[in-house]
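Asker: Below are the sequence and a predicted model for it; my questions follow.
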Amino acid sequence: MNRTTALLNRRRALMLMGGLAGGLALHGCTQGNAGSSSNAASQTITSGVNPWPGFSGHFVALQKGFFKEEGLNVQEAFFQSNSDEITAFLAGKLDVAWLTSGDVLQCIEKDPTIRMIYVVDYSNGSDGIIGRNIKSPADLKGKTVARENILFQNVLLQAYLAKGGLTEADITLRDMTAADAATAFASRQVDAAVTFEPWLTKSAKDGGGEVIFSSKDTNLIADVIATRQPMIETRKADLQAYLRAVDKAVKLVNASDAEAIKITADKLGVSEAEAKSQIAGVKIFDIAMNKSIGFNANSPNNVMKNFELNLKEGARMKVISDGMQIDKLYDDSILMSL
């Protein structure tokens with residue numbers, strides 16, 4: 001199973017009842033060309049998204065007309081798989097794409113003009129490591145750990161190992177999907193497992209253990225908005241308006257506004273209670289949070305450190321080339337101009 005397939009399965013697992021039809025759906029006004037220049041905010045921005053609670057800022061902004069209020073025609077390109085969205089983005093069919101930072105880093109290898117411009121969310125406890133009789137990271141030495149050999153799970157595991165001064169050579173790894181890893185832990189076949197909700201908490205309890213490490217209050221797993229440098233240079237006003245509309249929607253989501261929760265639930269195909277629970281598992285960023293945490297060089301959880309983690313682990317896994325420069329991966333000029 002490749003990394004994008006695994007992430008898709010992770011997101012479908014979090015959706016619980018998410019049996020949405022596959023394929024691409026387009027919603028919006030006039031169709032435009034991705035990356036084209038604009039003298040006014042009248043050309044369409046084609047925005048690629050997939051079913052993830054962290055992307056509720058887009059869903060709500062579109063449904064409540066916040067983009068239109070900013071003078072924008074935004075056309076939603078809704079994908080059921082990350083891989084399909086990535087393919088469309090690399091083909092130039094999207095002006096902006098909402099993806100994980102790791103996905104975008106791998107896109108940048110194929111198209112160096114791609115830039116991350118906004119932090120959408122950090123996983124906030126939905127991903128983690130469960131263990132039995134593990135009281136500190138050093139206790140993992142000599143233990144058997146189940147995990148899937150994909151980027152975001154390895155980032156999580158490497159962060160925990162580093163806290164104990166350990167490497168993968170100090171543990172015995174078993175490569176399996178997150179669901180199988182959780183089952184293996186619950187049946188006491190392994191000492192620890194890297195997994196995510198809805199299996200994380202339940203399997204920890206069933207296996208006589210606990211969550212020993214999670215993504216809560218970290219920058220280990222991030223989602224971002226990406227575009228291309230020509231778009232940044234030629235459509236600054238459009239992108240400013242786009243982020244203002246998203247910011248307005250995110251504020252409603254973070255305030256648990258009933259209508260915003262319903263819009264998100266309808267989009268994900270889950271109940272409102274489930275949507276609210278899923279949203280609680282991610283930290284969704286508004287503009288102020290992007291400035292104070294995401295793109296703040298003084299914040300220990302800034303997104304640049306997330307890029308470093310992904311680059312290091314991606315290079316170790318040989319899915320990202322060595323030598324990528326951090327300052328070439330993102331452009332915060334639109335964000336900081338707001």
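Answerer: That came in fine, so what should we check first? Everything quoted here is computed from the prediction, not taken from an experiment. Numbers count the residues shown, from 1 in each chain.
Asker: Where does the prediction get shaky in this protein?
Answerer: Applying pLDDT under 70 to the chain picks out residues 1-42.
Asker: hmm, try it at 50
Answerer: 1-4, 16-23, 29-41 (pLDDT under 50).
Asker: what's the next secondary structure element after the strand ranked longest in it?
Answerer: The longest strand of the chain (DSSP state E) is strand 114-123. Counting by DSSP states H and E, the next helix or strand C-terminal to strand 114-123 is strand 127-131.
Asker: where exactly do the strands run in the protein?
Answerer: Ranges of strands in the chain, per DSSP E, are 24-27, 44-49, 73-79, 96-100, 114-123, 127-131, 144-147, 172-175, 192-196, 210-214, 222-228, 282-284.
Asker: follow-up on the earlier one: kindly format the C-alpha coordinates of the longest strand of the chain as PDB.
Answerer: Extracted C-alpha coordinates of strand 114-123, given in PDB (Å, rounded to 0.1, in the frame of the first residue of the first chain):
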ATOM      1  CA  ILE A 114       4.700  24.700  -6.100                       C
ATOM      2  CA  ARG A 115       4.600  26.500  -2.800                       C
ATOM      3  CA  MET A 116       2.800  26.000   0.500                       C
ATOM      4  CA  ILE A 117       1.100  29.200   1.500                       C
ATOM      5  CA  TYR A 118      -1.200  28.400   4.500                       C
ATOM      6  CA  VAL A 119      -1.400  25.900   7.400                       C
ATOM      7  CA  VAL A 120      -4.800  24.300   7.400                       C
ATOM      8  CA  ASP A 121      -4.500  22.100  10.400                       C
ATOM      9  CA  TYR A 122      -2.300  19.900  12.600                       C
ATOM     10  CA  SER A 123      -3.400  16.500  13.700                       C
END
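Asker: would CSV of the strands of the chain with distance to Val270 be doable?
Answerer: No exception for glycine: its C-beta is placed from N, CA and C like everyone else's. Formatted as CSV, those follow (distance: least, CB to CB, whole Å):
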stretch, distance to Val270
strand 24-27, 17
strand 44-49, 16
strand 73-79, 16
strand 96-100, 19
strand 114-123, 17
strand 127-131, 19
strand 144-147, 27
strand 172-175, 30
strand 192-196, 16
strand 210-214, 22
strand 222-228, 18
strand 282-284, 14
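Asker: in the stretch 201-338 of the chain, which spans are helices?
Answerer: 229-234, 236-254, 258-268, 272-280, 287-289, 303-317, 333-336 (DSSP state H, counting those that start in this stretch).
Asker: List the buried residues in the shortest one.
Answerer: Taking 16 or more other CB atoms under 10 Å as the neighbour-count basis, helix 287-289 is seen to contain the buried residues 287, 289.
Asker: same deal with the longest one?
Answerer: By neighbour count, with 16+ other CB under 10 Å as the criterion, the buried positions of helix 236-254 are 237-254.
Asker: How much space separates Ile130 from Lys202?
Answerer: Relative to Lys202, Ile130 is positioned 10 Å away (CB to CB, to the nearest Å).
Asker: Common neighbours of these two, please.
Answerer: Counting by CB atoms under 8 Å, 6 or more residues apart in numbering, the contacts common to Ile130 and Lys202 are Ala182.
Asker: Tell me which of these two has more neighbours.
Answerer: When Ile130 and Lys202 are compared for neighbours, Ile130 comes out ahead with 31 against 14, by other CB atoms under 10 Å.
Asker: between the helices of the stretch 201-338 of the chain, which one is nearest to Ala193?
Answerer: Nearest to Ala193, of all the helices of the stretch 201-338 of the chain, is helix 303-317, at 18.4 Å by CB to CB.
Asker: which other helices and strands contact the closest one?
Answerer: helix 101-110, strand 114-123, helix 151-163, strand 222-228 (3 or more CB pairs under 8 Å, 6 or more residues apart in numbering; DSSP states H and E).
Asker: Distance to Gly92 for those - can I get that in CSV?
Answerer: Shown next, in CSV, are the helices and strands packed on helix 303-317 (distance: least, CB to CB, whole Å):
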stretch, distance to Gly92
helix 101-110, 12
strand 114-123, 11
helix 151-163, 25
strand 222-228, 8
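Asker: Mean neighbour count and distance to Gly281 added to these, as a markdown table?
Answerer: Output for these, formatted as a markdown table (neighbours: other CB atoms under 10 Å; distance: least, CB to CB, whole Å):
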| stretch | mean neighbour count | distance to Gly281 |
| --- | --- | --- |
| helix 101-110 | 21 | 17 |
| strand 114-123 | 26 | 7 |
| helix 151-163 | 21 | 14 |
| strand 222-228 | 26 | 12 |
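Asker: looking at the strands of the chain, which is buried most?
Answerer: Of these, the one with the most neighbours on average (mean count of other CB atoms under 10 Å) is strand 192-196, at a mean of 29.
Asker: quick one: strands adjacent to that one?
Answerer: Strand 192-196 pairs in its sheet with strand 127-131 (antiparallel), strand 144-147 (parallel), by DSSP bridges.
Asker: what's the spacing between it and its chain's center?
Answerer: Per CA atoms, centre = their mean, to the nearest Å, the displacement of strand 192-196 from the mean C-alpha position of its chain is 18 Å.
Asker: what angle separates that strand from helix 151-163?
Answerer: Relative orientation of strand 192-196 and helix 151-163, computed by axes from the mean of the first three to the mean of the last three CA atoms, to 10 degrees: 140 degrees.
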